[in-house]
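**Q** here is a sequence together with a model predicted from it:
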Amino acid sequence: MVNPWAGEVAVVIDGQRHVAKLTLGALAELEAALDAGGLIDLIERFEGGRFGARDVLAVLVAGLRGGGWQGGAAELRAAEVSGGAVGAARVAAELLARAFAPPDAS
């Protein structure tokens, strides 16, 4: 079970359920993986619907690693994410929203 108040999001990869979370370490890893800009630029791309597949992949990998997953981008590229590209984008957007939501947000 995921705890949304702790920023956790469930994601199913190759039929196996994982918990993803953008911890501080995961956010640092994500920021390092971005080609240009920082986290604010990434969030603005998601908010404006201007994100790409690389953005989604980077957020998912960072979130999964924040949840304890030991894989990387290569493993995720070869995997099947539940809901396909749309499902992956939804999970990535949810991870970003939960990581930066105020603690008292409903």
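**A** Right, received. Where do you want to start? Residues are numbered from 1 along each chain as shown.
**Q** rest of the way, CA atoms for contacts and neighbours
**A** Noted.
**Q** what about residue 63, neighbour count?
**A** Neighbourhood size, residue 63 [other CA atoms under 10 Å]: 31.
**Q** is it true that it touches residue 95?
**A** Yes - here residue 63 reaches residue 95: they are 7.0 Å apart, a contact under CA atoms under 8 Å.
**Q** what is in contact with the two at once?
**A** Residues touching both residue 63 and residue 95 by CA atoms under 8 Å, 6 or more residues apart in numbering: 20-22.
**Q** how near is the nearest residue in space to residue 51 that is not next to it in sequence to residue 54?
**A** The shortest distance from residue 51 to any non-neighbouring residue, by CA to CA, 6 or more residues apart in numbering, is to residue 45 (5.0 Å). Per CA to CA, to the nearest Å, residue 45 is found 12 Å from residue 54.
**Q** what about residue 82, how many neighbours?
**A** Every residue meeting other CA under 10 Å relative to residue 82 is counted, giving 17.
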